[in-house]
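# my questions are about this predicted structure, shown below with the sequence.
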Amino acid sequence: MKRILVIHGPNLNLLGTREPEVYGKVTLEEINKQLSGLAGELGVELEAFQSSHEGDIVDKIGQARKSFDAILINPAAYTHTSVAIRDAVAACGLPAVEVHLSNIYGREEFRHKSLIAPVCRGQISGFGLESYLLALRAAFGIVKNERK
């Protein structure tokens, strides 16, 4: 069975109450529940991980190559600042899909540049919870069609 790691970055544990006009009212628990349901339909195993600590995210990505087939990552604010996460995604050798609830290109100018996107297969943003579901389908399509 294919395995996909979902990484949620800083402050995503506050979803549902954090800036609902930007991120909606969906909670991280609800996102993970929806992802788990879709993973079951697709026949993939999912592990979700959230951290607001850059080093923990880097470590998790580094360990992923041993037991996962792909990564779905919402680096949150680290999208725009973390060379370390970018380098970890590039080094791990797994296909990755970047995901965001909000349309980062429709927000403040500093959010328009993703350091992570260039080392990912693609990026999905702006569709709220649906962004995550679309990203999981994309990651599944990648691992289904590639050998590890």
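Good, I have the coordinates.

# point out where this protein drops to low pLDDT.
20, 22-23, 147-148 (pLDDT under 70).

# how about a cut-off of 50?
148 (pLDDT under 50).

# mind listing the strands for it?
Using DSSP state E, the strands of the chain run over 3-8, 45-50, 70-74, 96-100, 122-125.

# kindly reformat these as TSV containing mean neighbour count.
Just so you know, the C-beta spots here come from the backbone N, C-alpha and C atoms, and that holds for glycine as well. Below are these laid out as TSV (neighbours: other Cβ atoms under 10 Å):
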stretch	mean neighbour count
strand 3-8	24
strand 45-50	18
strand 70-74	26
strand 96-100	26
strand 122-125	20
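
# dump these to TSV, plus distance to Asp87.
Putting the strands of the chain into TSV (distance: least, Cβ to Cβ, whole Å) gives the following:
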stretch	distance to Asp87
strand 3-8	15
strand 45-50	18
strand 70-74	13
strand 96-100	12
strand 122-125	18
